[in-house]
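Asks: Coordinates only, no sequence provided:
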Ligand code: GCW
């Protein structure tokens, strides 16, 4: 009798220990593979076997993922066989006879290279996961596992076709191991160890991206070092590309436009120079000799001091087309960035449009123009870039920022799903109603031969990859929206929470609400009502609306944007000011132009208004600003209370780390509120309403604050 009780107690502590250790081992490195519990709502029973007939590096991954995934989820080992029986999952391409018999010809054609079908054949009690290529089947396998983890088994009968052909991460990683605007440690690309040593992180990275459908990556910074195209580096790039390929990920590189002279010792890099053209043709051949399926080049040219075709009196089209001609024989593409502005060009928000519209239709078919979501630079909120919808004869791809350069780095919880969706769903009216940005860029409107979307990565060597556990959600969400831009930000947030933390209903509901509100909170405590670019120069971290740097470009300093004076605040971009509104299509143009009609979230983006300007809710501008800044601080304090109430619902280690980050965010929200209100108060001469919390800091103390962050190169 005693033995029996001893045994029960022994097994209890073993299981507890296992659970605790597995929970304690959760340090964020697992990403959205962390929670291996089956969703309670799932109706699917454990598959009797996984039937795979085809072999390839990718099919080896598929087999491993399904075996491990099903074993973890069902706590039952999943065996692989070629013998189909009731309860089997049949996994293979549409070419396989065992699979094809369950498919219709038109659906096979429709899904293209990346799309997949998951279908349950009830009459035979089997499920098929298929696509036209190995990587499509891999996407299907990850989708199947995600359904089991998140309980969305109504999605077991799906035909999934990605909205964008190319779903690409841009790493602003430098060859010296630093990451520009990166807040998650060093660059994960270990250039000094390559090609001999291959970090296991590359496979983990490939797996994470394939699980959310990302199929491309640009390994290096757009402020590109020409060295990346040297043979020494191409041998390193090849090793990385070989690691990523079985997961369906194409490798791309950012290039420096002056590589012919910097690397090739030519006397010029003029795109019209025959020697330069030959140099690029030879270089491209060399790149493809190492990486046969190389994706192409990302180019930042004549922007922020970088060299480009304009240095030689040529246009962006001349430069892009020269590279495009070199890449064409290899099916490579050029992603040419429209992030251009210069101090002499007037309103910075107008310049990309002014510079690129005249070039519409002059680019080769294998050139796509990569355009940031907003006209200035990844602010907490911007109106959309008017290039979208107006360049009707050129393919455009959105560039979104996943790393939080202007959003609190990796210290602030800011879920970007709402920002990405707000942008993608924006109606530009450029071809009448419903000319939304997602339709303009996914091929629906212009039937582009290339469709693509890029996200500036937030990944580094930190254990949890992104510096903040919740920043992983932004990487995840970029991938999920690049695959299906119709997914809701809330649904993706819940998906991510369940796979990363817990199925606990209260946890998922409460924390998805926090995630959904977090972007508005950061807008409120940083730049409400259309204010923008108030951060410290160079590091872009804390508030410095007063920042004046002798000799710095005016359009890199806050005063250029807020234009606060005794009369009021804001940038007059209306028809009485810079007339940036003229770049938008009716009815947007007239709506933005009239303060009474302009959406309040863009009010001070488009207008310079008096401190006593009356808003729709009857408050004057100064009072509303005080309310917004104060509310943003309260929102973060509410996030903290919500998180604290979650103690015990997830592993302690990650709970504590997130709790600490929220405490930093809360302190810094107050810092932003006080810095901005106390500074703008020196212009308005008005008091902060007594019914709002008092500032905790003194302006003169805040002005002395220096950041110990290394200004980014
Ligand atoms: O947001 C600005 C950043 C630069 C960045 C640049 C760009 C990579 O401050 O760090 O450089 O934009 O997008 O090229």
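Replies: On my side now, so go ahead. Remember, it's a predicted structure, so these values are computed and weren't measured experimentally. Numbering: from 1, shown residues only.
Asks: Low-confidence ranges, this structure, go.
Replies: 1-24, 154-155, 708-713 (pLDDT under 70).
Asks: Got the domain ranges for this structure?
Replies: The chain breaks down into these domains under automatic domain parsing: 35-160, 166-487, 524-571+608-704.
Asks: TSV for those, including mean neighbour count and distance to the ligand?
Replies: Yep, even glycine has a C-beta here, placed from its N, CA and C like the rest. Listed next are the domains of the chain as TSV, based on neighbours: other CB atoms under 10 Å; distance: least, CB to the nearest ligand atom, whole Å:
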stretch	mean neighbour count	distance to the ligand
domain 35-160	18	28
domain 166-487	21	5
domain 524-571+608-704	18	6
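Asks: Just name whatever secondary elements whichever strand or helix holds residue 655 is in contact with.
Replies: Taking DSSP states H and E as the definition, one finds residue 655 inside helix 652-684. In terms of contacts (3 or more CB pairs under 8 Å, 6 or more residues apart in numbering; DSSP states H and E), helix 652-684 is packed against helix 2-24, helix 505-526, strand 568-569, helix 621-644, helix 699-704.
Asks: run the last query once more with 10 Å
Replies: Judged by 3 or more CB pairs under 10 Å, 6 or more residues apart in numbering; DSSP states H and E, the packing partners of helix 652-684 are helix 2-24, helix 505-526, helix 559-562, strand 568-569, helix 621-644, helix 699-704.
Asks: and the angle for it with helix 621-644?
Replies: 170 degrees (axes from the mean of the first three to the mean of the last three CA atoms, to 10 degrees).
Asks: Put together a markdown table for the domains of the chain, with distance to residue 510 on each row.
Replies: Shown next, in a markdown table, are the domains of the chain (distance: least, CB to CB, whole Å):
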| stretch | distance to residue 510 |
| --- | --- |
| domain 35-160 | 17 |
| domain 166-487 | 13 |
| domain 524-571+608-704 | 5 |
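Asks: right, and the ones you listed - which one's nearest residue 507?
Replies: The minimum distance between residue 507 and these falls on domain 524-571+608-704, with 4.6 Å, by CB to CB.
Asks: residue contacts, residue 126?
Replies: 47-49, 51, 84-90, 98, 102, 119-120 (CB atoms under 10 Å, 6 or more residues apart in numbering).
Asks: can we see that at 6 Å?
Replies: Going by CB atoms under 6 Å, 6 or more residues apart in numbering, residue 126 touches 88, 90.
Asks: What of the one 5 residues further on?
Replies: In this structure, residue 131 makes contact with 116, 137, 140, judged by CB under 6 Å, 6+ apart.
Asks: How about the contacts made by the first one?
Replies: With contact taken as CB under 6 Å, 6+ apart, residue 116 is in contact with 131, 136, 139, 140, 160.
Asks: do the same with the last one
Replies: Shown here is residue 140, whose contacts under the criterion CB under 6 Å, 6+ apart are 116, 118, 129, 131.
Asks: got it, and residue 181?
Replies: 172, 403, 405.
Asks: Checking the closest residue to it other than its chain neighbours next. Helix, strand or coil?
Replies: Leaving aside its sequence neighbours, residue 181 sits nearest to residue 405 (CB to CB, 6 or more residues apart in numbering; 4.2 Å). Classification of residue 405 by DSSP: H, G, I helix; E, B strand; the rest coil places it in coil.
Asks: surely residue 405 meets residue 540?
Replies: Yes - applying CB atoms under 6 Å as the test, residue 405 and residue 540 come out as touching, 5.5 Å apart.
Asks: Overlap in contacts, these two.
Replies: Taking CB under 6 Å, 6+ apart as the criterion, residue 405 and residue 540 do not both touch any residue.
Asks: Could you check the angle the helix or strand hosting residue 141 makes with helix 505-526?
Replies: Per DSSP H and E: residue 141 is located in helix 134-150. Angle of helix 134-150 versus helix 505-526, following the same axes, to 10 degrees, is 110 degrees.
Asks: chain center to the helix or strand following helix 134-150, what's the gap?
Replies: Counting by DSSP H and E, the next helix or strand C-terminal to helix 134-150 is strand 158-160. Offset of strand 158-160 from its chain centre (CA atoms, centre = their mean, to the nearest Å): 24 Å.
Asks: strand partners of whatever helix or strand comes next after strand 158-160, parallel vs antiparallel please.
Replies: Going down the chain from strand 158-160, the next helix or strand is strand 166-170, by DSSP H and E. If you go by DSSP bridges, strand 166-170 pairs up with strand 216-218 (parallel), strand 452-456 (parallel).
Asks: could those strands go into CSV alongside distance to residue 254?
Replies: CSV is the format used below for the strands paired with strand 166-170 (distance: least, CB to CB, whole Å):
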stretch, distance to residue 254
strand 216-218, 6
strand 452-456, 11
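Asks: Which one of those lies nearest to residue 201?
Replies: strand 216-218 (13.2 Å).
Asks: how far is the closest one from where the chain is centred?
Replies: So, by CA atoms, centre = their mean, the centroid of strand 216-218 is 12 Å from its chain's centroid.
Asks: Just the residues contacting it, thanks.
Replies: Outside strand 216-218, the residues that reach it (CB under 6 Å, 6+ apart) are 166, 168, 169, 170, 249, 250, 252, 254, 295, 298.
Asks: Disregarding flanking residues, what is the spatial nearest neighbour of the first one?
Replies: This means residue 166. The nearest residue in space to residue 166 (CB to CB, 6+ apart) is residue 452, at 3.7 Å.
Asks: which ones are touching that neighbour?
Replies: Contacts of residue 452 (CB under 6 Å, 6+ apart): 164, 166, 368, 397.
Asks: do that again at 7 Å, thanks
Replies: 164, 165, 166, 168, 335, 368, 397 (CB atoms under 7 Å, 6 or more residues apart in numbering).
Asks: Could you do residue 177 as well?
Replies: Contacts of residue 177 (CB under 7 Å, 6+ apart): 186, 187.
Asks: same deal with residue 291?
Replies: Counting by CB under 7 Å, 6+ apart, residue 291 has contacts 237, 238, 241, 251.
Asks: Let me know the distance separating residue 303 from residue 181.
Replies: If you measure residue 303 against residue 181 using CB to CB, to the nearest Å, the figure is 15 Å.
Asks: What of residue 218?
Replies: Applying CB to CB to residue 218 and residue 181 gives a distance of 14 Å.
Asks: do the same with residue 343
Replies: 21 Å.
Asks: same check, this time on residue 429
Replies: 32 Å.
Asks: Residue 206 now?
Replies: Taking CB to CB, one finds residue 206 at 23 Å from residue 181.
Asks: Residue 186: what's it in contact with?
Replies: 177, 178, 179, 460, 461.
Asks: Can I take it that it is in a strand?
Replies: No - per three-state DSSP, residue 186 lies outside any strand segment and is coil.
Asks: Could you pull up phi and psi at it?
Replies: phi -90, psi 180 (degrees, to the nearest 10).
Asks: same question, residue 610
Replies: phi -70, psi 150.
Asks: Run through the bridge partners of it.
Replies: According to DSSP bridges, beta-bridge pairing links residue 610 with residue 568.
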